[in-house]
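Trainee: Would you be able to build a 3D model of this:
(one chain, ligands or ions: 1)
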Amino acid sequence: MVIDELKQNCIPQHVAVIMDGNGRWAELHGNDRIFGHRQGVDAVRSVVEGAGELGVKYLTLYAFSTENWDRPKDEVEALMALLINAIVQELDNLNDKQVKLLTIGDLSSLPADVQLKLAEAILRTSNNTGLHLIIALSYSGRWDILEAAKQIIHKVKIGDIVDDQLTESVFVNHLSTSGIPDPELLIRTSGEYRISNFLLWQIAYSEFYFTPILWPDFRKENLFEAIIDFQRRERRFGKTSEQIRS
Ligand code: FPP
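Mentor: Numbering: from 1, shown residues only. So this is what the prediction gives:
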């Protein structure tokens, strides 16, 4: 079993995933793109379960980017409906598994009913103590950094922050992921080698894992494989190998 190869003392705290390939998966199966997104929900369920089993504390899924608003209107509408229905339908399951739901992104741009249902779902899982499942919705890394900059400029103007107090840790506290450790591992499916405006600040020292598997085929065993690969790497953070080993 793949899971037996995992070192339990070296599980990443935070795994981020760019779920890609739903459209191509649908095309391969002679169906429309929405069908691919629908199958993608099975992959989400399996990966959430697997992350919880391993004791991963944070799992961030890139579900809808700022740029995804430019997709055809019917695909955007179907994706919104699918996302919110999946979250509502999985609520009992999330609560059983102690999963705490969070979101990052410009939620104000989502349809009002989606915002409302999301807020309800977040509230209903707010006391859970297991995996934090962070759904990135209408999210982009540049948006995140720009929003942080705007908040900081405002605080400087009103005197809450003085210029020389603006350190890296102050900046980090204004990102949408404030309080959440940076992902140690970033996975992208579907054989694309891009970051696509995901967590740009937060992935400064993340390990990247690219797999040709299309998202609807991705399962928790594939997550375990990615983590085994991660565990074989030496993370040096700019230091030398000798410094890390001593
Ligand atoms: C990328 O594939 C996938 C998306 C833009 C949407 C991801 C959404 C889901 C998997 C739905 C369920 C999510 C949750 C959190 C319940 P693509 O359409 O870009 O595929 P392509 O590159 O093959 O066209």
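
Trainee: who's the residue sitting nearest the centre point of the chain bridged to?
Mentor: Centroid check for the chain by CA atoms, centre = their mean gives Thr60 as the closest residue, at 2.1 Å. Residues in a beta bridge with Thr60, per DSSP bridges, are Ala16, Ile134.

Trainee: correct me, but it touches Ala16?
Mentor: Yes: counting by CB atoms under 8 Å, Thr60 does reach Ala16; the two are 4.3 Å apart. Heads up, the C-betas are built off the backbone N, CA and C, glycines and all.

Trainee: picking that back up, model confidence score at the residue nearest to the centre of the chain, please.
Mentor: At Thr60, the model reports a pLDDT of 98.

Trainee: Please apply the same query to the one 10 residues further on.
Mentor: Predicted confidence (pLDDT) for Asp70: 96.

Trainee: ok, now Glu207?
Mentor: Predicted confidence (pLDDT) for Glu207: 98.

Trainee: So it is in contact with Ile187, correct?
Mentor: No: when contacts are counted by CB under 8 Å, Glu207 is not listed as touching Ile187 (9.6 Å).

Trainee: the more surrounded of those two?
Mentor: Ranked by neighbour count (other CB atoms under 10 Å), Glu207 and Ile187 place Ile187 first, with 27 against 17.

Trainee: Got phi/psi on that one?
Mentor: Per-residue torsions, Ile187: phi -110, psi 140 (degrees, to the nearest 10).

Trainee: measure it to Phe218 for me?
Mentor: 8 Å (CB to CB, to the nearest Å).

Trainee: now Arg235
Mentor: Using CB to CB, Arg235 is found at 24 Å from Phe218.
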